[in-house]
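# Generate coordinates for the sequence data below:
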Amino acid sequence: MASSIGYTAFSPRPSLSRHSSIATNPPLDRTKVKDYLLLSVLACFCPVWPINIVGFVYSIMSKNSLEQGNLDGAVRLGRVAKMLSMVSLVGGTVIIIACIVNLASECPKSDL
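Predicted structure coming up:
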């Protein structure tokens, strides 16, 4: 019966508590989807190579998903690329600082 309260086109039977997900989830805008390609390229210069390469691959996959029209997949892959790139940047910064501190502690101090 199409006139009952809470009937949705996707539901096989009427329900009073369920509503269509189309009304609650607005469609994604293509311009708002980010692939974080620049961030992942910058992360490739950090010395955490397996992580930043995987982040770069996820960024490319996000860009390809967006070009194919899969907005949900592009958003999901973009988030993973962002997370891996940020982990790579933070890890690379920690490694570089640790190397500088280690090298500075091993240098002999000159008496001037």
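# Have a look at the chain and report its longest helix.
Taking DSSP state H as the criterion, the chain has its longest helix at helix 71-106.
# and it, how far from the chain's centre?
Between the centre of helix 71-106 and the centre of its chain there are 13 Å (C-alpha atoms, centre = their mean, to the nearest Å).
# Show me what the helix or strand hosting Y58 is packed against.
Using DSSP states H and E, Y58 sits in helix 49-68. Helices and strands touching helix 49-68, by 3 or more C-beta pairs under 8 Å, 6 or more residues apart in numbering; DSSP states H and E, are helix 37-43, helix 71-106. To be clear about C-beta, it is placed using only N, CA and C from the backbone, and glycine gets the same treatment.
# any low-confidence regions in this protein?
Residues of the chain meeting the criterion pLDDT under 70: 1-30, 110-112.
# repeat that with 80
Low-confidence segments of the chain (pLDDT under 80): 1-32, 108-112.
# can you count the residues close to N102?
N102 sits with 9 neighbouring residues when counted by other C-beta atoms under 10 Å.
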